[in-house]
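Undergrad: here are the coordinates; sequence isn't available:
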C-alpha cells in the first residue's frame, strides 16, 4: 500500500486535472458566448465591461471560498478541498459532508486524516452527496429551458414578469434570512445593518448613474456596494458585537 | 447562426462537458482509492451520506429547477459544474444582465449571463489557485480577527445591494414574499441553515402574487 498523506503529490495531480478541465470549460463557453454576442449586435465594449465587472464582483466571494479551502485543509489537506470547492461544491455543503462521515467513523477532525480508507470515505460522501443536481442538468435541462421559453413565447410580458418574480423569490429568501438572528439582541442586527449599508451605497451609485450620468458605474455598482458594505461590517461589528 | 441552432449547439456541447465533468468527479475518489489500495467500508459511506444526502439531494434538484431559468442554457451547464451558485454565480449573472440592460431568458440575456458566469468561474479558479500557492503569506491575513466580520457578512453585503435594485423595481410583487420570509425567519431562525429550500417557496409566492396582479391589470 502506498503511504498516504493529505497533501501528497498524487492528490495535487488529481486536483490539477480537474482544475484544468474547469478552466477549459469556462474558456470554451466564454468564447462561444462572446462570438454569439457579437452576432446579436452586442458591442465589444459591453462584453469587455461585463467581463471586467464580473471579475471584480467575484473577488470577495472567491476569497471567502479560499477561506473555505483553508478551513477544510486542516484535516483534509489542501488539494482535495481545493478540488471540491472548485467543482460543484460549496463550503455550506462540504463541511457537513466531511463532518457527517467523520462522525460515523468516530474520527477527529482536529488534525489531518492519516488513514487513506477514512479519507476515501469522506471523499466519496463529498462527491456523491451533491451529485443529483448535475445529473438533472445533464438529462433534464433541455426540457426545463423549453418550458421557460414556451412561457416567454406565449405571452412575452408575462414571461418577463415571471422571470422577475423568480429573482424576487430568491432575493426575498435571502433578505428574510438576515432577520434570523435578531432575537440575539444587538449583534443579531449586524447582518441587517450591513445589508442596509450595501443598499445605501447602491442607492448612491444609482443617483450618480442616473442624475450625474456617471455611466461607467453601471457595471460596477454592485461590486462597489458589496465591497463597501463588507468593509463597513468591520467597524459595525466592533460597535455592535 | 440563428437562435435555435445556437441553443442546440449549447445543449450538445453542454451535455458533453457535463458528462465529462461527472466522469471526472467520480474518477477523483475512485483514483484515490485505487492508488492507495484503500476502499472505504460501505457502511461509513452510507452513514455519512445519510447525514447530508436527504437535504442536499433535495436542494440540488430544487436549485436546478429554480436557477436554470435565471442563468440561461450555457450558464446553467457551466455553473452547475463549477458550483457556488447562490453566493456567486447567480448574483453575478443577475448583476451582469441588469448592468447590460438585457432580460433573462432572452437571447441577449443568455449570452451576457454566460459571459459573466464563465468569467466568474475563471477568476474564482485563479484566485483559489493563487491563494493555495501563496497560502503561507495569505493565511495570517485572511484568518485575522480584524477581517473576519467582512467575510462573515458577504451574503448581507451582496443581497442588500442586489435586493434594493430588484425590490425597488417591483415593489408590488416583492412585498408579499419579503414579508413572508421575514416573518418565517423571525419565527423559525434555524431555517437559516437551509435557506436554499426556501428559494423556490419565495419564487412560488412571488409568481402567485404577480399572476394575480397581472390578471387584474395592475402590473
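TA: Structure received. Values in this document were obtained by computation on a predicted structure and should not be read as measured data.
Undergrad: What sits closest to residue B:157 if chain neighbours are left out?
TA: Distances taken as Cβ to Cβ, 6 or more residues apart in numbering or on different chains place residue A:229 nearest to residue B:157, at 3.7 Å, with adjacent residues excluded. Where you see a C-beta, it was placed from the backbone N, CA and C, and this is true even at glycine.
Undergrad: Now the residue lying farthest from the centre of chain B, what are its backbone angles?
TA: Within chain B, residue B:37 marks the point farthest from the mean C-alpha position, 35.7 Å out by Cα atoms, centre = their mean. Dihedral pair for residue B:37: phi 50, psi 50, per degrees, to the nearest 10.
Undergrad: how about residue A:5, phi and psi?
TA: Residue torsions, per degrees, to the nearest 10, at residue A:5 are phi -150, psi 140.
Undergrad: ok, how many other residues are close to it?
TA: Look at residue A:5: counted by other Cβ atoms under 10 Å in any protein chain shown, it has 16 neighbours.
Undergrad: what does the one 10 residues further on give?
TA: Close neighbours of residue A:15, defined as other Cβ under 10 Å, add up to 22.
Undergrad: tell me the contacts of it?
TA: Neighbouring residues of residue A:15 by Cβ atoms under 8 Å, 6 or more residues apart in numbering or on different chains: A:79, A:80, A:82, A:83, A:86.
Undergrad: could I get those residues as a markdown table with distance to chain B, secondary structure and pLDDT?
TA: Listed next are the contacts of residue A:15 as a markdown table, based on distance: Cβ to the nearest Cβ, whole Å; DSSP: H, G, I helix; E, B strand; the rest coil; pLDDT from 0 to 100:
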| residue | distance to chain B | secondary structure | pLDDT |
| --- | --- | --- | --- |
| A:79 | 8 | helix | 94 |
| A:80 | 8 | helix | 94 |
| A:82 | 6 | helix | 92 |
| A:83 | 6 | helix | 93 |
| A:86 | 6 | helix | 87 |
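Undergrad: Drop anything exposed from those residues.
TA: A:79, A:80, A:82, A:83, A:86 (16 or more other Cβ atoms under 10 Å in any protein chain shown).
Undergrad: For the residue nearest the centre of chain A, what is the enclosing helix or strand?
TA: With distances taken as Cα atoms, centre = their mean, residue A:61 lies nearest the centre of chain A, 6.6 Å away. Here residue A:61, judged by DSSP states H and E, is contained in helix A:44-76.
Undergrad: pull the helix or strand with minimum mean pLDDT from chain A.
TA: Sorting the helices and strands of chain A by mean pLDDT, DSSP states H and E puts helix A:91-104 at the bottom, at a mean of 84.
Undergrad: Pull the residues that contact that helix.
TA: So helix A:91-104 is contacted by A:65, A:68, A:71-72, A:75-76, A:81, A:84-85, A:108-109, A:118, A:121-122, A:125-126, A:129-130, B:43-45, B:47-52, B:56 (Cβ under 8 Å, 6+ apart).
Undergrad: Am I right that the residue nearest to the centre of chain A is in contact with residue B:88?
TA: Yes: counting by Cβ atoms under 8 Å, residue A:61 touches residue B:88, with 4.4 Å between them.
Undergrad: overlap in contacts of these two?
TA: With Cβ under 8 Å, 6+ apart, residue A:61 and residue B:88 have common neighbours residue B:124.
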